[in-house]
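# sharing a model that was predicted from the sequence below.
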Amino acid sequence: MAAATVTISPRGVDRLLAGHPWIYRTDVTDADGAEPGSIVQLVDRRKRFWGQALYSSTSQIALRFLTRENRAVDKTFFAERIAAAAAYRAQVVTRSTACRLVAAEGDLLPSLIVDRYGDCLVMQTLSQGMDRLKPLLVEILQEQFAPRSILERNDSSVRKLEDLEERRGVLAGEPVREVVTEEDGVRLCYDLETGQKTGGFLDQRENVTAARSYARGRLLDCFTYTGRFAVGLARQCDSVLAIDSSPQALSLARRNQELNGLTNIEWREGNCFDFLKAADHEGQRFDMVVLDPPAFARQRAALESALRGYKELNLRAIKILNPGGYLVTCSCSFHVKESDFLGAIASAALDARRTLVVVERRTQSRDHPILLTVPETHYLKCFILRVL
Ligand SMILES: C[S@@+](CC[C@H](N)C(=O)[O-])C[C@H]1O[C@@H](n2cnc3c(N)ncnc32)[C@H](O)[C@@H]1O
């Protein structure tokens, strides 16, 4: 069946010319005949061809751009894109059996996530278009990677915007719940069924490795989740205190400590904001503090309060650092720009009357590519700072 044609407005064309792969519903002037989740041809009002895209009948993001070319968008097309994504990972992921193999827009495969955890793959199809392609994608992943198992973690709430139900389960191979990976010499166990995201925060992998150069003495890992930073830095430190509000996450964190034969980590269930405040009053001091909170601004409207939250959190952390100590501070809120985040940290440093040096300006690991013209793909900000 011939692909349907969707007409886009001049503003929609401008977005494509600016290198952005999303066209909003308000820039679609005619989508008659386009089926939910189908691959459509894009034309402007003069019928000029602009490329091909995935069509969504419900999301505000009506079109997700796939290619400028007028070629078959078929199994070969997707197999080539997935192979290209994997070839890049082979270059940048050298010491880890876990990585993000396909990072959606960042790999020109909009709304498709594929994470590798050892010999298992976990995928998310987050739009009507990618969801419809699921059987084809599973076939390609089996052919290219022969994994033990392919699971879907389509329990993300963003699927609601696409009128897709939340699902999780086995798509191919055997059911697998727990997997142990080896990342830069550290063994980490993931719960692929109930862990956050597809199991864990693979985007922080390179930041842990970077922080290792500076870790020593007494480490405080706030928002530790399953202990990626705590376990990854413990060998460099005398003692580690790691805090999270989730008891499930902490039980996996304890497993991670055991897997690595570590004995110097104390896990504490609690609220990091409260802990930091109390720690300052009690005069506790640390040589490194890691802050990796959940996104404070999920929507643009929450930006102001998010910046106040980041300032408050960083202020409390800066106060309890020893002179010469390091702050590893992160924001995974896309809406908080790097400069705004740095501004919040600077304001916190001034209030704390401490002088800080920016040692490293970092972001998500390289297997989560940032497209130059797509700001949404740059979501993780991470600074390593030293207190003078
Ligand atoms: C972005 S994740 C941390 C990821 C972790 N650093 C890693 O690299 O795997 C945020 C964590 O903060 C925890 N959390 C959320 N609010 C909290 C709070 N007020 N106090 C302590 N933990 C909290 C969540 O349970 C979650 O595990």
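Sure, I can see it. Numbering: from 1, shown residues only.

# get me the contact residues on the stretch 151-300 of the chain for the ligand.
With CB under 6 Å from any ligand atom as the criterion, the stretch 151-300 of the chain meets the ligand at residues 200-201, 204, 223-226, 228-229, 243-246, 249, 271-273, 292-294. Backbone N, C-alpha and C define where each C-beta goes, glycine included.

# now, these that are in strands?
Counting by DSSP state E, those place Ile243, Asp244 in strands.

# weed out the non-buried ones from the residues of the stretch 151-300 of the chain next to the ligand.
200-201, 204, 223-226, 228-229, 243-244, 249, 272, 292-293 (16 or more other CB atoms under 10 Å).

# pull the most distant pair out of these.
Within those, Gly200 and Cys272 form the most distant pair, 18.7 Å apart (CB to CB).

# in the stretch 1-150 of the chain, which residue sits nearest the ligand?
Ala98 (11.6 Å; CB to the nearest ligand atom).

# what's the closest non-adjacent residue to that residue?
Distances taken as CB to CB, 6 or more residues apart in numbering place Thr181 nearest to Ala98, at 4.0 Å, with adjacent residues excluded.

# backbone dihedrals for the one you found, please?
Note on Thr181: its backbone torsions stand at phi -110, psi 170 [degrees, to the nearest 10].

# who's in contact with it?
Ser96, Thr97, Ala98, Tyr117, Gly118, Arg187, Leu188, Tyr190 (CB atoms under 8 Å, 6 or more residues apart in numbering).

# so the first one sits against Glu182, correct?
Just to be clear, that refers to Ser96. Yes. The criterion here is CB atoms under 8 Å, and Ser96 meets it with Glu182 at 7.1 Å.

# of these two, who's got more company?
Ser96 (22 against 14; other CB atoms under 10 Å).

# okay, that one and Gly270: tell me how far apart.
Noted for Ser96: a distance of 30 Å to Gly270, by CB to CB, to the nearest Å.

# can you tell me the centre-most residue of this protein?
Using CA atoms, centre = their mean, the residue of the chain that lies closest to the mean C-alpha position is Asp203, 5.3 Å off.

# verify the stated contact: it with Arg366.
No. Checked against CB under 8 Å, the pair Asp203 and Arg366 is beyond contact range at 10.0 Å.

# got the contact list for Ser149?
Asp119, Cys120, Leu121, Val170, Ala172, Gly173, Glu174, Pro175, Val176.
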